[in-house]
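In: Sharing a model that was predicted from the sequence below.
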Amino acid sequence: MRGCFAHYWHLLKLDRRQSRLFEKRKQAYALQMAIELEGGKMKYWLMKSEPSTYSIDDLEREGATGWDGVRNYQARNFMRDEMKVGDIVLFYHSNANPPGIAGLGKISQKGLVDPTAFDPKSDYYDPKSTKENPRWIMVEVEFVEKFSHFLSLNELKQIKNLSNMKLLQKGNRLSILPVTKAQYNVILKTARK
């Protein structure tokens, strides 16, 4: 009898996990449909953060954050010109041991002025940026999911379908990178195994 109960309990736990996974996928599908109804095409991004400064756990706890401190014009232009509300973010832990993709976020606001550019005490202070003519624009990233399976950089390099991913190309050190839908799908499938 005890073995039968253990088997039933195991099936119940599996059913709960599948139910949570179904809910996450349902939410992602609803988000994608809402974006398509608005006439926009969802884009996918990889955004890097050092976990000692701001991690996926911080994002989960806070719910959302402004992606401030970016001081590369190309990365800024991605946020300013190409990102849209609803775009999906792969949250990447950089300068970590090991570095890798820790979870998902989504763009919840865009076109925000980065306040760290005006703070002389900030590492990201820019005296040439003024409130009347701001140089640095940021987005707000909202938490979606922390992966149960952290995808390390070494693991990503082993996935054949990701060989063209900008993150894996030599010399590409941008903190924000575009990701194709096909690459995103491979990463999501691998992370949710």
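Out: Cool, the structure landed.

In: And the helices in this protein?
Out: According to DSSP state H, the chain carries its helices in the segments 2-37, 56-62, 73-77, 153-158, 181-191.

In: Would you single out the least confident of those?
Out: The stretch with the lowest mean pLDDT among the helices of the chain is helix 2-37, at a mean of 54.

In: domain assignment for this structure?
Out: With automatic domain parsing as the criterion, the domains of the chain are listed as 1-39, 42-191.

In: Let me know which of the ones you listed is tucked in deepest.
Out: Among the domains of the chain, the stretch with the highest mean neighbour count (mean count of other C-beta atoms under 10 Å) is domain 42-191, at a mean of 16. Every C-beta, even on glycine, is put in place using the N, C-alpha and C of the backbone.

In: okay, how far is it across that one, tip to tip?
Out: Start-to-end span of domain 42-191 (C-alpha to C-alpha, to the nearest Å) is 20 Å.

In: got it, and stretch 166-180?
Out: Here stretch 166-180 reaches across 10 Å from its first residue to its last, counting by C-alpha to C-alpha.

In: One more: stretch 127-134?
Out: The distance separating the two terminal residues of stretch 127-134, taken as C-alpha to C-alpha, comes to 10 Å.

In: So what touches it?
Out: Counting by C-beta atoms under 8 Å, 6 or more residues apart in numbering, stretch 127-134 makes contact with 113, 114, 117, 118, 120, 135, 136, all of which sit outside it.
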